[in-house]
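**Student:** Just need the structure, nothing else, for what follows:
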Amino acid sequence: MSNFSHNCPHCGTKKSGFRILANEILLKESYIGSGRTTQKQILACFCKCTTCSEVCIARFQIKDSTDFNQNFIEAALHNGSFARLFQVTSFIPQPESIAVIEGISERVRSSLENAEQCFVAKLAPPAGAMYRTALERATLELGCNPKDPLFKRIQSLSSSLPETLIKLLDNVRIFGNQSVHGNDDDPSLEDITRAREFALLFLTYTFELPEKIAAVEKRLSRD
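**Tutor:** The predicted structure follows:
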């Protein structure tokens, strides 16, 4: 039985149930002026996601600001009133944040946002496919021939991009291919984590940095 619900940072499940395995009451001291301090009770809990069974640490405070003790907590856990009485104030680990790249077009941004949402939800194949789509759209905006396959487009950028980045982009292409081809094994989450890193590096290098440099040059020219 779960004791409260929260978005799981491990499996990405929204409002997953969590079961509290252990808890400890902490005192947080706050300065309120004129040399006075006040203490607030904080409940730290070691809990497990009922969807993926991974563990997290959550901190709670009671909603009506009344004092509580261990007997009160045990009763709330037993009778199912815990979620009604307590609210989450912090959660560890934090869920993966969605990356935002400046200087990219709306078409590339749309594909990247979809990829990021799939990645945060730990949906490896859809994420791989969408990172590949973001890469395809970006190469077109860099002047690559739309009739060329992605491999050839990437190679055509070798005169303007570092050799290492070209190799990294080809990995994004390969992981994306694995995501959509039925005769290939699905890429692992570790594969997609690498594909994400490479795709973000490419988009930052080719779109975001030039835009930021141009903005700085424009600002300097006005001074």
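**Student:** can you point me to the longest strand in the protein?
**Tutor:** strand 16-33 (DSSP state E).
**Student:** how about the CA coordinates for that strand, as PDB?
**Tutor:** Presented in PDB, the C-alpha positions along strand 16-33 are these (Å, rounded to 0.1, in the frame of the first residue of the first chain):
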ATOM      1  CA  SER A  16       3.300   7.300  -8.700                       C
ATOM      2  CA  GLY A  17       2.600   5.800  -5.300                       C
ATOM      3  CA  PHE A  18       5.300   5.700  -2.700                       C
ATOM      4  CA  ARG A  19       5.600   3.600   0.400                       C
ATOM      5  CA  ILE A  20       7.500   4.900   3.400                       C
ATOM      6  CA  LEU A  21      10.100   2.500   4.700                       C
ATOM      7  CA  ALA A  22      11.600   4.600   7.500                       C
ATOM      8  CA  ASN A  23      11.200   8.100   8.900                       C
ATOM      9  CA  GLU A  24      12.900  10.500  11.300                       C
ATOM     10  CA  ILE A  25      11.600  13.800  12.800                       C
ATOM     11  CA  LEU A  26      14.100  16.700  12.400                       C
ATOM     12  CA  LEU A  27      14.000  20.200  13.800                       C
ATOM     13  CA  LYS A  28      14.700  23.100  11.500                       C
ATOM     14  CA  GLU A  29      15.700  26.300  13.300                       C
ATOM     15  CA  SER A  30      14.900  29.700  11.700                       C
ATOM     16  CA  TYR A  31      15.900  33.200  12.700                       C
ATOM     17  CA  ILE A  32      12.900  35.500  13.200                       C
ATOM     18  CA  GLY A  33      14.700  38.700  14.300                       C
END
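**Student:** Parallel or antiparallel, list what pairs with that strand.
**Tutor:** strand 4-6 (antiparallel), strand 36-49 (antiparallel) (DSSP bridges).
**Student:** All the helices of the chain, in order from the start?
**Tutor:** Remark: helices assigned in the chain by DSSP state H are 70-79, 82-85, 106-120, 124-141, 150-156, 163-180, 189-203, 209-222.
**Student:** Let's have those helices in a markdown table, adding distance to A99 and mean pLDDT.
**Tutor:** (Glycine included, C-beta is placed from N, CA and C.) Below are the helices of the chain laid out as a markdown table (distance: least, C-beta to C-beta, whole Å; pLDDT from 0 to 100):
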| stretch | distance to A99 | mean pLDDT |
| --- | --- | --- |
| helix 70-79 | 38 | 94 |
| helix 82-85 | 32 | 94 |
| helix 106-120 | 6 | 93 |
| helix 124-141 | 11 | 94 |
| helix 150-156 | 21 | 95 |
| helix 163-180 | 14 | 90 |
| helix 189-203 | 5 | 93 |
| helix 209-222 | 15 | 88 |
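**Student:** what's the closest of the ones you listed to Q94?
**Tutor:** Of all these, it is helix 106-120 that lies closest to Q94, at 11.3 Å by C-beta to C-beta.
**Student:** quick check: domain ranges of this structure?
**Tutor:** By the assignment in automatic domain parsing, the chain contains the domains 4-92, 106-222.
**Student:** coming back round to it: need the least confident one among the strands paired with strand 16-33, by mean pLDDT.
**Tutor:** For the strands paired with strand 16-33, mean pLDDT drops lowest on strand 36-49, to a mean of 87.
**Student:** so I57 makes contact with F46?
**Tutor:** Yes: shown here, I57 and F46 form a contact pair, counting by C-beta atoms under 8 Å, at 6.0 Å.
**Student:** Give me the buried positions along the longest strand of the chain.
**Tutor:** Burial within strand 16-33, assessed by neighbour count using 16 or more other C-beta atoms under 10 Å, is assigned to 16-18, 20, 23.
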